[in-house]
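>>> after the sequence you'll find the predicted model.
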Amino acid sequence: MKAIILAGGRGKRLRPITDYVPKPLVPIKNTPIIEWQLKYLKKYGVSEVIICTGYKQEMIEDYLKIKNLGIKIKFSIEKTPLGTGGAIKKAGKLIKDKSFFVINGDTITNIDLKKLSKKQNSIASIELKTKFGVLEISEDKITKFKEKKEISDVWMNAGIYHLERDILKDLPKKGDIEKTVFPDYAKKGKLNIEKFKNVKWYSVDSFKDMEECSLEIDKIIK
């Protein structure tokens with residue numbers, strides 16, 4: 001299997017770190033996000049990765065050149081931001097396989113890719129977790145205070161996809177797959193979901209995310 005990593009964003013919420021290094025090189029427990037992702041993909045049998053880059057792409061290339069991670073790496077460089085759909089369409093030209101994985105460049109997880117690969121054009125989903133404490137109430141009284149919890153049977157996009165190569169022709173040259181092709185495919189009944197319960201999942205988008213992920217990373221990617 002091959003995979004595309006969407007790693008071209010500027011990571012503005014992680015400033016000032018991302019003023020100096022691209023988001024994929026932001027360290028989680030002294031190892032860059034992109035390295036954790038490559039180890040994760042390799043674990044599930046991915047042999048080749050196309051990394052979509054833009055902002056400070058030469059720093060990502062230089063870092064990975066000196067690493068030997070046992071996985072073939074190619075780059076799809078965006079001179080101007082193409083959105084997730086445009087990025088996948090451009091990178092997809094380097095893939096001849098019938099299907100491939102896509103993962104957002106800030107996602108750290110232990111979602112089982114082999115399970116995801118069993119469905120065509122599928123989105124990995126996890127149960128939505130609140131970011132805030134949840135109150136249980138009876139009339140006007142609080143009966144229990146709970147910290148972050150999963151909201152049962154409300155599913156969110158985990159930012160990991162298994163896509164058939166045929167989808168490339170429908171992708172925009174510029175624009176997000178989540179706002180163009182996915183809604184269209186969903187209407188036509190051509191989009192599948194694979195639900196994952198009790199998995200580790202982080203979207204590293206803030207300093208708090210970095211801190212929380214660093215405490216769990218050794219359990220997530222072994």
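Cool, got the structure. Numbering: from 1, shown residues only.
>>> going by C-alpha atoms from here, please, whenever you check contacts or count neighbours.
Fine.
>>> now Val26: phi and psi?
The phi/psi pair for Val26 (degrees, to the nearest 10) reads phi -70, psi 130.
>>> correction: Ser47
Ser47 adopts backbone torsions of phi -100, psi -20, taken as degrees, to the nearest 10.
>>> roughly how far does the closest residue in space to it that isn't next to it in sequence sit from Ile17?
Counting by Cα to Cα, 6 or more residues apart in numbering, Ile71 is the residue found nearest to Ser47 once chain neighbours are left out, at 5.5 Å. As judged by Cα to Cα, to the nearest Å, Ile71 and Ile17 stand 27 Å apart.
>>> who are the neighbours in contact with the residue nearest to Ser47?
By Cα atoms under 8 Å, 6 or more residues apart in numbering, Ile71 lies in contact with Leu38, Lys42, Val46, Ser47, Glu48, Val49.
>>> so where do the helices sit in this protein?
When secondary structure is read from DSSP state H, the chain shows helices at 17-20, 33-43, 57-65, 83-91, 113-116, 181-187, 207-220.
>>> could I get these as CSV with distance to Val199, mean pLDDT and mean neighbour count?
Formatted as CSV, the entries for these read as follows, by distance: least, Cα to Cα, whole Å; pLDDT from 0 to 100; neighbours: other Cα atoms under 10 Å:
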stretch, distance to Val199, mean pLDDT, mean neighbour count
helix 17-20, 28, 77, 15
helix 33-43, 14, 91, 20
helix 57-65, 28, 85, 15
helix 83-91, 24, 90, 23
helix 113-116, 12, 92, 16
helix 181-187, 24, 90, 15
helix 207-220, 9, 81, 15
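>>> which among these is found nearest to Lys173?
For the helices of the chain, proximity to Lys173 was assessed by Cα to Cα; helix 83-91 is nearest, at 4.4 Å.
>>> and the nearest residue to Lys96 once chain neighbours are set aside, what does it touch?
Computed as Cα to Cα, 6+ apart, the closest residue to Lys96 that is not its neighbour in sequence is Arg165, at 7.8 Å. Contacts for Arg165 were tallied using Cα under 8 Å, 6+ apart; they are Gly92, Lys96, Asp97, Lys98, Ser99, Phe100.
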